[in-house]
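Asks: Here is my input, please return the structure:
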Amino acid sequence: MIVCVRVSCTSVPKPSAWVRLDPQEVERNSPLLHLPPMAGELVVAYGTKELPELCRQSIEYARAWTERGLAGHLLPADSANHFTILEALADPQGALTRALLDMIGRNRLALSNH
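Replies: Sure, this is the predicted structure:
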């Protein structure tokens with residue numbers, strides 16, 4: 001069970017003035033290029049008020065994860081950015097809290113069936 005709240009460089013970054021990586025650094029540091037063969041469920045959460053490039057990276061990573069056959073989904077947090085997105089986890093009724101509790105419930109159910 002994994003909850004991923006938008007982190008930097010989740011996919012292959014586009015060239016920019018902010019991040020200066022050579023092709024070898026991109027290859028080595030991009031999680032998109034090193035997806036695991038198997039893993040627990042992943043929720044990729046990102047704020048819809050993030051920069052378009054950061055939203056793109058989160059969307060691309062979640063798509064690649066699920067296209068590889070790994071369990072998971074994308075969770076856009078409306079009107080959030082990287083400063084405010086964790087409020088959705090701190091809120092007992094927040095979308096991130098609900099996603100985490102749902103994952104815990106599914107894992108608990110799976111374990112009880114063994």
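
Asks: contacts, neighbours, all on C-alpha from now
Replies: Fine.

Asks: Show me the contact partners of the longest helix that the chain contains.
Replies: Determined from DSSP state H, the single longest helix within the chain is helix 95-112. Under the contact criterion C-alpha atoms under 8 Å, 6 or more residues apart in numbering, helix 95-112 has outside partners Met1, Val3, Glu41, Val43, Ala45, Leu75, Ala77, Ala88, Leu89, Ala90, Asp91, Pro92.

Asks: Same check on stretch 77-92?
Replies: Stretch 77-92 is contacted from outside by 5-6, 45-50, 94-98, using C-alpha under 8 Å, 6+ apart.

Asks: among those residues, who's most crowded?
Replies: Within the contacts of stretch 77-92, most neighbours by other C-alpha atoms under 10 Å means Tyr46, with 28 neighbours.

Asks: Secondary structure element holding it?
Replies: strand 42-47 (DSSP states H and E).

Asks: tilt between that strand and helix 95-112?
Replies: For strand 42-47 against helix 95-112, the angle by axes from the mean of the first three to the mean of the last three C-alpha atoms, to 10 degrees is 180 degrees.

Asks: Output the below-cut-off pLDDT ranges for the protein.
Replies: Across the chain, the ranges flagged by pLDDT under 70 are 1-19, 114.

Asks: 90 instead, please
Replies: Counting by pLDDT under 90, the chain contains low-confidence ranges at 1-33, 40, 53-54, 57, 82-83, 85-90, 94-96, 100, 103-114.

Asks: Tell me which residue is most central in it.
Replies: Val44 (2.3 Å; C-alpha atoms, centre = their mean).

Asks: quick one: that residue from Asp22, how far?
Replies: 26 Å (C-alpha to C-alpha, to the nearest Å).

Asks: Equivalent analysis for Leu101, please.
Replies: Counting by C-alpha to C-alpha, the gap from Leu101 to Asp22 is 40 Å.

Asks: same deal with Ala99?
Replies: Distance, Ala99 to Asp22, using C-alpha to C-alpha: 36 Å.
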